[in-house]
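*Asks:* A structural model of the following input is requested.
(2 chains)
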Amino acid sequence: MAELSNAPKPDGEALVDIYRRMLRIERNDDAIRTAIRRGRLTMPYYSARGQEVIPATIGHLLTNEDQICTIYRGIQDMVAKDMPLKPLWAEIAGRIDGTCKGKGGPMHLTHPETGVMVTTGVVGSSMPIANGLAWAALLDESRRVVVAFFGDGASNIGAFHESLNLASVWKLPVLFVCPNNGFAEHTRYEVSTSVDRISRRAEAYGMPGFTVDGNDPDAMFAAVSQAIERARVGEGPTLLECTTFRFLGHVLGDDDFYMTKEEKDEALAKDPLPALRARLIAGGHASEEQLAAMQSDIEAEVAAAQEFGMNSPLPSVDELRRDVFEQEIAA
Amino acid sequence: MTGMLKMNGIQAINAAMHEAMAADPKVLVLGEDIADREGGGVTGTMKGLSTKFGDRRVRTTPISEQAIIGAAIGAAMAGYKPVAEIMLMNFTTVCMDMIFNHAAKLRFMSGGQTSVPMVIRTLTGAGWQTAGQHSDHLEGWFAHAAGIKVVAPSNPADMKGLLLSCIQDPDPCLFIENGMTLFVPGDVAADQGPIPLGKAKVVAEGSDLTIITWSAQVMRCQMALAGLAETGISAEIVDLRTISPWDKETVLASVAKTGRAMVVHEAVRNFGPGAEIAATIAEELFGQLMAPVRRLGGPQCAVPFAKVLEDAFLVQPADVVAAAKALMG
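*Replies:* Predicted structure coming up:
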């Protein structure tokens, strides 16, 4: 594994912004889960509660022009990339004002205006497409970078290996970001994966690979900053494995039977959200009052988005004939 | 004829690629062995492109079908028009997720926010004794997928014109080349431009029977015409050219005229595209048909190696004649 050197560190302002993004992710996640439990939303939901530092730090460091390809457990990545919450909620409610007119749903949310280019429900499939977007960035002679998010389980699918090889050969501006939460659905990492660290696989493809504590904003900031810079100056891709933990299992309703109580309790005790909050206060980066105001602003935004989404009209069945091709299919 | 050039399918496809790349800097090419350094593609259809347009736009790839199609999808979403080569049609099975779940569906799943204007060129066809993993006609698999257009030309002029249309099309297109027709010369207008997708062509006019076919089977059905004439059967041959969306109007008009229909394809008969066409004819023209619609396709087995078996696997001109006689009653 390569070593991180001269690691850039987040200043207080950056930490506050990372925390704001984490809180927006968590408050939105909480609202989605509540709506599902109350029967107001019907959807499969793959919460990323506990993994917020990873997307929040990346969202902080990317520009609006940068693009992401993410996966079914991906709403946190979109929220961190500044996807507006109103069309997000309309989409997960299956309404016409949704980002995808209610035709994609939570597993296929898309919002090119904020760089959310693809959300896939197929493990590993974010990566081959991210390469193509990155190829276009090179052809455009832009400084745009593309982040491909994927889980630890996806590092065992062929698309991962094909994509890393091609990205390296073509020196594509891609960050391959793997939040490693230790479980591929219900299967433990060590049962399914041949190496102790996914980042070791980077060496096989001739690119730097790092394993960082995905719950540590400093470590994430350093690793992601360097990977972005490398991509922007034409040095090619980086593989980042970000260790973390999934608080709510694979899919909402999962009873975590495959985890031990001890390991889950230990992870919950290290919840990165209150940890960063405490650090902001202790470090004098933000006051209790400022953070309370931040929280109420976010909760108001989420509530307004939920209200908007739930009250948006249902799509017309004519939508079945639209967007199959550019030209609408005749009735 | 003035303005006519004699060229084979390889030259026609090559001409289309050169024209498309010269006309539009957004057109890209990628695939295994496609740069001149590697020979310009397995059949040479991509010759000269990398030399003329450079390795930024023309890229030989690793043998990584998922990565090839993924790269094409991403570039297409970002405004480029990639033409990706999957060397052989059987290898599309390696990247079906990218084609079926992503290229074909992203426009719909994103509510029209993104689109994938890309072409996948691929080669197939029995006749070269390449057996069970290098010869299959899988157009039915792709015609079953919403969101991708499927084209299977039979002659050099159509190859050029339809490829130009595929490249300009705002949606993903699968362009199927057949190894038995690719080397056959034909007339191509010097100024051959795009031929619209979704339009069939009547290649032989007749009054007793309509044969709907495409790709290399057009050639075999044309070879059957003499035998049909000998038995007094006047057959109309419709070259479907585009399998999805297919030209119902032309097919139904022809069958309404002849009263009899037969679909001939190289793909395995069971659950093949012929079933869809035959069922549509039956639904639309039931009262006008003088006989049940016949389907001729491959038997339910892998394409075999031994020449005698491979010949028997393919619908041959004699099979077309025999089926036509049966249809005439």
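*Asks:* who does whichever strand or helix holds B:P82 touch, helix- and strand-wise?
*Replies:* The secondary structure element spanning B:P82 is strand B:81-88 (assigned by DSSP states H and E). Strand B:81-88 is packed against helix B:9-23, strand B:27-31, helix B:65-77, strand B:119-124, helix B:156-168, with contacts defined by 3 or more C-beta pairs under 8 Å, 6 or more residues apart in numbering or on different chains; DSSP states H and E. To be clear about C-beta, it is placed using only N, CA and C from the backbone, and glycine gets the same treatment.
*Asks:* Need the per-residue pLDDT for A:G253.
*Replies:* Model confidence at A:G253, expressed as pLDDT, equals 86.
*Asks:* which residues touch it?
*Replies:* A:G253 is in contact with no residue at all, counting by C-beta atoms under 8 Å, 6 or more residues apart in numbering or on different chains.
*Asks:* for it, phi and psi?
*Replies:* Backbone torsions for A:G253, taken as degrees, to the nearest 10, come to phi 110, psi -10.
*Asks:* Show me what from the stretch 101-250 of chain B comes close to chain A.
*Replies:* Taking C-beta under 8 Å from any C-beta of the partner chain as the criterion, the stretch 101-250 of chain B approaches chain A at residues B:101-102, B:106-115, B:146-147, B:149, B:170-171.
*Asks:* Just the ones of those residues in helices?
*Replies:* Counting by DSSP state H, the members of these that fall within helices are B:106-109.
*Asks:* The residue positioned nearest the centre of chain B and B:F175, how far apart?
*Replies:* What sits nearest the mean C-alpha location of chain B, by C-alpha atoms, centre = their mean, is B:A152, with 1.1 Å. To B:F175, B:A152 is 8 Å away according to C-beta to C-beta, to the nearest Å.
*Asks:* still on that earlier bit, of the residues of the stretch 101-250 of chain B next to chain A, keep whichever come out buried.
*Replies:* For those, burial is judged from neighbour counts taken by 16 or more other C-beta atoms under 10 Å in any protein chain shown, and it is met by B:101-102, B:106-115, B:147, B:149, B:171.
*Asks:* in which helix or strand would I find B:A229?
*Replies:* Take DSSP H and E as the rule and B:A229 turns out to sit in helix B:216-230.
*Asks:* Show me how far that helix is from its chain's centre.
*Replies:* Centroid separation for helix B:216-230 versus its chain: 19 Å, with C-alpha atoms, centre = their mean, to the nearest Å.
*Asks:* which other helices and strands contact that helix?
*Replies:* For helix B:216-230, the contact count by 3+ C-beta pairs under 8 Å, 6+ apart identifies strand B:201-204, strand B:235-239, strand B:261-268, helix B:317-328 as packing neighbours.
*Asks:* okay, the angle between that helix and helix B:156-168?
*Replies:* 140 degrees (axes from the mean of the first three to the mean of the last three C-alpha atoms, to 10 degrees).
*Asks:* Residue 97: neighbouring residues, count only.
*Replies:* All of this refers to chain A. A:D97 sits with 18 neighbouring residues when counted by other C-beta atoms under 10 Å in any protein chain shown.
*Asks:* Chain B is the one I meant
*Replies:* Other residues within reach of B:D97 by the criterion other C-beta under 10 Å amount to 21.
*Asks:* Equivalent analysis for A:A31, please.
*Replies:* 18.
*Asks:* quick check, it in a strand?
*Replies:* No. Counting by DSSP: H, G, I helix; E, B strand; the rest coil, one finds A:A31 to be helix, located in no strand.
*Asks:* Verify the contact between it and A:E301 for me.
*Replies:* No. When contacts are counted by C-beta atoms under 8 Å, A:A31 is not listed as touching A:E301 (10.2 Å).
*Asks:* quick revisit: would you turn the ones in helices among the residues of the stretch 101-250 of chain B next to chain A into TSV with pLDDT?
*Replies:* Converted to TSV, these look like this (pLDDT from 0 to 100):
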residue	pLDDT
B:L106	98
B:R107	98
B:F108	98
B:M109	98
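*Asks:* quick one, helices of the stretch 201-331 of chain A?
*Replies:* A:201-204, A:217-232, A:261-269, A:272-282, A:288-311 (DSSP state H, counting those that start in this stretch).
*Asks:* can you put those helices in a markdown table and add mean neighbour count?
*Replies:* As requested, the helices of the stretch 201-331 of chain A are exported to a markdown table (neighbours: other C-beta atoms under 10 Å in any protein chain shown):
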| stretch | mean neighbour count |
| --- | --- |
| helix A:201-204 | 18 |
| helix A:217-232 | 22 |
| helix A:261-269 | 12 |
| helix A:272-282 | 16 |
| helix A:288-311 | 15 |
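*Asks:* Quick one: closest of those helices to A:T119.
*Replies:* Distances from A:T119 to each of the helices of the stretch 201-331 of chain A were compared using C-beta to C-beta; the minimum, 16.9 Å, belongs to helix A:288-311.
*Asks:* Number of residues surrounding B:F183?
*Replies:* Residues within reach of B:F183, counting by other C-beta under 10 Å, total 11.
*Asks:* Contacts only, for the residue nearest to it when sequence neighbours are not counted.
*Replies:* Setting aside the residues directly before and after it, B:F183 is nearest to B:N8 in space (C-beta to C-beta, 6 or more residues apart in numbering or on different chains), at 5.3 Å. Contacts for B:N8 were tallied using C-beta under 8 Å, 6+ apart; they are B:156, B:182-186.
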